[in-house]
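In: Show me how the following folds:
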Amino acid sequence: MSKYVAAIDQGTTSTRCIIFDRQGNIISVGQKEHQQIYPQPGWVEHNPEEIWKNTLEVIAGARINASISATEIAAVGITNQRETTAVWNRKTGKPYYNALVWQDTRTGDLVNHFAQDGGQDRFRAQTGLPLATYFSGLKLKWLLDNVPGLREDAEKGEALFGTMDTFLIWNLTGGPHGGTHVTDVTNASRTQLMNLHTLAWDSDMLAAFGIPSAMLPFIKSSSEVYGNVVLDVLPNVPIAGDLGDQHAALVGQTCFEPGQAKNTYGTGCFMLLNTGTELKVSTQGLLTTVAYKFGNQPVNYALEGSVAIAGALVQWLRDNLGMIEKSSDVETLAKSVEDNGGAYFVPAFSGLYAPYWKADARGVIAGLTRYVTKAHIARAVLEATAYQTLDVMNAMEKDADIELKSLRVDGGMVANETLMQFQADMLNVPVVCPAVTETTALGAAYAAGLAVGYWENFDDLRQNWGIAHTWNPKMESEQRAKLYKGWHKAVERSFGWED
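Out: I've put the predicted structure just below:
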């Protein structure tokens with residue numbers, strides 16, 4: 001009997017392989033960062049070949065660290081940074097260009113072009129998504145329009161498109177020698193090319209964006225066997241789970257009931273609310289997306305609020321301003337003052353996501369006086385994440401007509417006690433952190449394990465979920481309202497900065 005399930009977590013800043021046991025405990029981890037490439041302001045790229053090489057290294061590292069043989073691994077699941085867009089040659093496996101990262105804003109002119117006829121919500125009925133630089137479809141259009149020879153190869157069926165899950169599955173299952181070209185419904189739902197009702201590529205969207213269907217992967221469920229690994233790192237191990245990172249975290253948090261929500265605090269911040277088998281169209285600036293689909297079971301939908309800059313703001317404070325030496329120092333600095341000193345930081349570095357969707361917004365620090373110190377700025381940096389989360393939760397409650405009783409949280413920033421307490425204070429509900437915080441990788445492992453019978457059902461997974469810490473709200477309502485009013489004033493100052 002196989003002892004473990006492995007998950008490959010291909011994230012924005014690094015790639016990891018985490019091996020879990022039946023109780024959802026972490027047995028071993030391999031991790032490696034990759035380069036962030038910024039060719040010009042607003043452009044963000046990754047090298048797919050570097051990520052592929054790192055993936056092989058972290059799988060090997062995770063196995064070696066715990067002396068685990070491939071025969072002990074029942075299946076592998078994959079989770080990924082969702083909208084990051086790669087194109088490569090079917091015959092050689094070579095990318096035509098760097099991958100365009102979800103944060104990349106070079107498609108701003110295309111957003112404006114398509115919004116001229118029908119506005120920002122022109123395609124929302126089919127795709128659940130507004131027109132924005134965020135999603136893969138327009139990134140793919142940009143590549144087809146700007147990379148020499150790509151469109152010609154795409155129309156001949158020689159060029160393949162995929163998000164990073166697709167690129168890794170294709171390579172792990174043989175690459176140019178019979179690799180499987182697939183994605184799952186969660187990743188496909190973030191391209192703005194899939195119809196949310198049919199779960200198939202939408203011919204009208206492909207025609208509108210000028211995308212040849214021959215380059216698109218097959219859309220599968222989130223939990224089924226897509227193929228076996230043909231390489232020595234995991235020989236013959238089935239790849240049986242595929243979920244976009246935020247959907248994987250929803251699964252890892254076992255939010256299987258309508259009304260359950262989780263928030264992941266990473267580079268960005270992503271809050272998902274399970275709405276069950278009902279597709280809810282947002283009127284509050286949220287995204288309608290696929291939560292997950294397990295094998296032949298009905299699809300579950302979700303409402304999502306996406307915050308572009310969360311942990312990335314702490315990195316910016318460290319790398320661009322040099323105010324702190326390491327990311328964890330931000331809490332020590334922030335705790336040295338009692339409040340934000342009247343300062344607010346709106347991190348609209350690449351526009352504002354939910355619920356505002358203002359591509360022309362840019363970052364501002366507002367409310368500065370001679371009193372404000374770098375400690376107040378550090379506190380404002382942490383508070384910005386909590387305010388943005390509150391914006392999203394308010395929108396969710398209006399859209400879904402559900403009042404959240406608590407929020408399940410995960411991601412790197414959950415280690416920051418000051419942030420988590422402030423988050424509970426602003427939301428005015430308990431904030432709950434699970435015992436295993438690597439919920440994104442765990443969700444991918446769960447999807448893979450369910451597909452091969454390693455776990456039998458959702459009840460097996462729910463039994464694994466335990467609470468590590470709960471933060472309860474302590475703030476007076478008057479103080480909460482005053483702080484939130486200041487935040488909204490600052491947000492309005494960020495609008496309309498870019499022409």
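In: Every contact and neighbour count from this point should use C-alpha atoms.
Out: Fine.
In: Quickly note the distance from Y301 to L196.
Out: Taking C-alpha to C-alpha, to the nearest Å as the measure, Y301 falls 9 Å from L196.
In: Give the residues shared as contacts by these two.
Out: T289, V290 (C-alpha atoms under 8 Å, 6 or more residues apart in numbering).
In: how long is stretch 125-141 from one end to the other?
Out: Per C-alpha to C-alpha, stretch 125-141 runs 21 Å from first to last residue.
In: in it, what's buried?
Out: Neighbour counts over stretch 125-141 (16 or more other C-alpha atoms under 10 Å) mark 126-141 as buried.
In: Just those residues: which are in helices?
Out: Judged by DSSP state H, those include Q126, T127, S136, G137, L138, K139, L140, K141 as members of helices.
In: The nearest residue to the fourth one once chain neighbours are set aside: what secondary structure?
Out: Taking C-alpha to C-alpha, 6 or more residues apart in numbering, and ignoring the residues beside it in sequence, G137 has T191 as its nearest neighbour in space, at 4.9 Å. When the structure is split into helix, strand and coil by DSSP: H, G, I helix; E, B strand; the rest coil, T191 lands in coil.
In: For E224, see how far away T191 is.
Out: 21 Å.
In: Strands of the stretch 51-200 of the chain, residue ranges please.
Out: Counting by DSSP state E, counting those that start in this stretch, residue ranges of the strands within the stretch 51-200 of the chain are 73-80, 85-89, 99-100, 159-163, 182-184, 194-195, 200-201.
In: so what does the last one touch, helix or strand wise?
Out: Just to be clear, that refers to strand 200-201. strand 194-195 (3 or more C-alpha pairs under 8 Å, 6 or more residues apart in numbering; DSSP states H and E).
In: what packs against the strand it packs on?
Out: Packing contacts for strand 194-195, counted by 3+ C-alpha pairs under 8 Å, 6+ apart, involve helix 124-127, strand 200-201.
In: mind listing what the last one pairs with, with the direction of each?
Out: So that's strand 200-201. Applying DSSP bridges, strand 200-201 is found paired with strand 194-195 (antiparallel).
In: pLDDT averaged over the strand it pairs with - what is it?
Out: Averaging pLDDT along strand 194-195 gives 97.
In: go on, stretch 221-240?
Out: When pLDDT is averaged over stretch 221-240, the result is 95.
In: Stretch 362-377 too?
Out: For stretch 362-377, mean pLDDT is 96.
In: Can you get me the start-to-end distance on that stretch?
Out: End-to-end for stretch 362-377, by C-alpha to C-alpha: 17 Å.
In: Now tell me what touches that stretch from outside.
Out: Stretch 362-377 is contacted from outside by 323, 333-337, 339-352, 490, 493-498, using C-alpha under 8 Å, 6+ apart.
In: Those residues in helices, which ones?
Out: Using DSSP H, the contacts of stretch 362-377 in helices are L333, A334, K335, A490, R493, S494.
In: Which pLDDT does the model give W497?
Out: 92.
In: That one against L352, yeah?
Out: No - between W497 and L352 there is no contact under C-alpha atoms under 8 Å: 11.5 Å.
In: Common neighbours of those two, please.
Out: Common contacts of W497 and L352, defined by C-alpha under 8 Å, 6+ apart, comprise A361, R362.
In: So for these two, which residue has more residues nearby?
Out: L352 (25 against 14; other C-alpha atoms under 10 Å).
In: Next, work out how far apart the closest residue to that one other than its chain neighbours and N394 are.
Out: Leaving aside its sequence neighbours, L352 sits nearest to K358 (C-alpha to C-alpha, 6+ apart; 5.0 Å). Distance, K358 to N394, by C-alpha to C-alpha: 18 Å.
In: okay, those two: which has more neighbours?
Out: Counted by other C-alpha under 10 Å, K358 and N394 do not tie: K358 has more neighbours, with 18 against 15.
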